[in-house]
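> the following comprises the amino acid sequence and a computationally predicted model.
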Amino acid sequence: QQQVKQSPQSLIVQKGGISIINCAYENTAFDYFPWYQQFPGKGPALLIAIRPDVSEKKEGRFTISFNKSAKQFSLHIMDSQPGDSATYFCAASPGNNRKLIWGLGTSLAVNP
Amino acid sequence: GAVVSQHPSRVICKSGTSVKIECRSLDFQATTMFWYRQFPKQSLMLMATSNEGSKATYEQGVEKDKFLINHASLTLSTLTVTSAHPEDSSFYICSARQGVNTGELFFGEGSRLTVL
């Protein structure tokens, strides 16, 4: 059973466009929701994270939107650039143990 | 962000040999480190949680005698793949938690293991 469902599996966006990746979770005990970016052959890098006490968090071109009642959260990449082409993972964890439950990933390609 | 160094980045070994992968937190102390395995185009699979000074906690289905984890200091955890076989070939990634209760996770660059 996939506790964190991520969609779409792959995404193609034109340069300058908005990339949107969605995740849904089931466990109401989750209270930490990070997004990671991974380039081929590299480890994941933390992009941005949110806790359920806020509905939105923005850092530069990256925004997390969080809907607690729907148990959904999404990543928006504004003004997408070819350098953003990577695999993006959402994750969630309960409490402070940081034992992350991962989504299956979204492969993003930004065309120049 | 904090830096986690993983070494080696690539290793090729013969079947039956053992391989050690190191994970170091360079500018912070990590009481907890996690070891993951990732197959091509797939998500990360948590193998074990490593706590400094105590035995690692392994996830269901992960052989603790096969994947030996040692977290001897607050900045170093090691994963040893014992008697490696071709099916152990994978991308192994460690992460370290900065702080205790609310610290973020930072990941190493990963280690590509190929067993011939």
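That came through, no problem. Residues are numbered from 1 along each chain as shown, chains lettered A, B, ... in the order given.
> going forward, measure contacts and count neighbours with C-alpha atoms only.
Fine.
> and the residue of chain B nearest chain A?
For chain B, the residue closest to chain A is B:Glu109, as judged by CA to the nearest CA, at 4.3 Å.
> ok, and the closest non-adjacent residue to that residue?
Nearest residue to B:Glu109 in three dimensions, chain neighbours excluded: A:Gly43, at 4.3 Å (CA to CA, 6 or more residues apart in numbering or on different chains).
> swap in A:Asn27?
Using CA to CA, 6+ apart, the nearest residue to A:Asn27 is A:Gln3, at 7.1 Å.
> what is the burial count for residue 25?
In the absence of a named chain, chain A is used. A:Tyr25 has 21 neighbours, counted by other CA atoms under 10 Å in any protein chain shown.
> wrong one, I was asking about chain B
Count around B:Ser25 with other CA under 10 Å applied: 24.
> contacts only, for it.
With contact taken as CA atoms under 8 Å, 6 or more residues apart in numbering or on different chains, B:Ser25 is in contact with B:2-5, B:75-76, B:96.
> and the pLDDT for it?
Note on B:Ser25: pLDDT of 92.
> likewise A:Gly105?
A:Gly105 carries a pLDDT value of 96.
> partners of the nearest residue to it once chain neighbours are set aside in the sheet?
Sequence neighbours aside, A:Phe89 is the residue nearest to A:Gly105 in space, at 4.5 Å (criterion: CA to CA, 6+ apart). Note on A:Phe89: beta-bridge partners by DSSP bridges are A:Tyr36.
> now A:Val110
Under the criterion used (DSSP bridges), A:Val110 bridges to A:Val13.
> burial measure for it, as a count.
A:Val110, neighbours per other CA under 10 Å, totals 20.
> enumerate every residue touching it.
Contacts of A:Val110 (CA under 8 Å, 6+ apart): A:12-15, A:80-85.
> the helix-or-strand element of chain B with minimal mean pLDDT pairs with which strands?
When the helices and strands of chain B are compared on mean pLDDT, DSSP states H and E, strand B:105-107 comes out lowest with a mean of 89. The pairing partners recorded for strand B:105-107 under DSSP bridges are strand B:90-97 (antiparallel).
> okay, buried residues for the strand it pairs with please.
By neighbour count with 16 or more other CA atoms under 10 Å in any protein chain shown, strand B:90-97 contains the buried residues B:90-97.
> kindly report the same for stretch A:47-58.
For stretch A:47-58, by 16+ other CA under 10 Å, it's A:47-51, A:56-57.
> please apply the same query to stretch B:9-24.
B:9, B:13, B:15, B:18-19, B:21-24.
> picking up where we left off before, what's around the residue nearest to A:Gly105, how many residues?
Count around A:Phe89 with other CA under 10 Å applied: 28.
> please name the residues that touch it.
Contacts for A:Phe89 were tallied using CA under 8 Å, 6+ apart; they are A:6, A:35-38, A:102-106, B:43.
> ok, now B:Ala2?
With CA under 8 Å, 6+ apart, B:Ala2 has these contacts: B:25-28, B:98, B:106.
> one more pass at 7 Å, please.
The neighbours of B:Ala2, taking CA atoms under 7 Å, 6 or more residues apart in numbering or on different chains as the test, are B:27, B:106.
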